[in-house]
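Asks: Everything below, folded, please.
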Amino acid sequence: MSAQPDNPPHALASLRPMRETDLDAVFAVEIAAYPFPWSMGIFRDCLRADYPAWVLEDDEGIVGYFLVSLAAGEAHVLNICIAPDRQGRGHGRRLLRALLQIARARGAERVFLEVRPSNRGAIELYHQEGFNEIGRRPRYYPSHDGREDALVMAIELLSH
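Replies: Model prediction:
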């Protein structure tokens, strides 16, 4: 099995590994999508740590991205994001499936993530793709009203 995610030839957007030169565009998507975005330094640190980081881009630029950590047979979704003006077109599902394919190819048996309970669209996508809620992290995320819990979700990867 290849560690390269499927990239259908007919796709208008293509997947490729994130590069340092992508960080300005990735950061622009991040700040457009999140009220409490990651810093540029966090993205740089993830690249320097050699975490799998991929972008989805089309002729207009970067549409979305993901970063994942892999260790001891487990993967942890660090960040997965689609530009707000490009959401609802299947890009998030495509990124999530690519992330799972890479995690499986690199030996992960399960994948974990945290998501805000208020992010109903993401939760629905994760459920549709086979994730289950396994717990809650109290006061995990910053919010305008203080802190918001995180739902912890996981999926068991079947080896093929």
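
Asks: Of all the residues in stretch 30-50, which ones are buried?
Replies: Within stretch 30-50, the residues that count as buried by 16 or more other Cβ atoms under 10 Å are 30, 33, 37-38, 43, 46-47. Backbone N, C-alpha and C define where each C-beta goes, glycine included.

Asks: Run through who's touching that stretch.
Replies: Residues outside stretch 30-50 that contact it (Cβ atoms under 8 Å, 6 or more residues apart in numbering): 18, 20, 23, 26-27, 53, 67, 69, 78-79, 81-85, 141-144.

Asks: Which of those residues fall in strands?
Replies: Among the contacts of stretch 30-50, DSSP state E puts 53, 67, 69, 78-79, 81-82, 141-143 in strands.

Asks: Give me the PyMOL select line for these, limited to the buried ones.
Replies: Applying 16+ other Cβ under 10 Å to those, the buried members can be selected in PyMOL as follows:
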select buried, resi 53+67+69+78+79+81+82+141
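
Asks: could the ones in strands among the contacts of stretch 30-50 go into a markdown table alongside pLDDT and distance to residue 100?
Replies: Converted to a markdown table, the ones in strands among the contacts of stretch 30-50 look like this (pLDDT from 0 to 100; distance: Cβ to Cβ, whole Å):
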| residue | pLDDT | distance to residue 100 |
| --- | --- | --- |
| 53 | 97 | 15 |
| 67 | 97 | 14 |
| 69 | 97 | 14 |
| 78 | 97 | 14 |
| 79 | 96 | 15 |
| 81 | 96 | 16 |
| 82 | 96 | 16 |
| 141 | 90 | 23 |
| 142 | 85 | 28 |
| 143 | 84 | 28 |
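
Asks: residue contacts, the residue nearest to residue 61 when sequence neighbours are not counted?
Replies: Sequence neighbours aside, residue 25 is the residue nearest to residue 61 in space, at 5.7 Å (criterion: Cβ to Cβ, 6 or more residues apart in numbering). Contact partners of residue 25, counting by Cβ under 8 Å, 6+ apart, are 55, 61-62.

Asks: Hmm, which of these is lowest in pLDDT?
Replies: Within the set of those, pLDDT is lowest for residue 61 (93).

Asks: Tell me how many other residues crowd that one.
Replies: When neighbours are counted by other Cβ atoms under 10 Å, residue 61 registers 12.

Asks: ok, now how distant is it from residue 148?
Replies: 30 Å (Cβ to Cβ, to the nearest Å).

Asks: Among the buried residues of stretch 30-50, list the two that are farthest apart in space.
Replies: 33 and 47 (19.0 Å; Cβ to Cβ).
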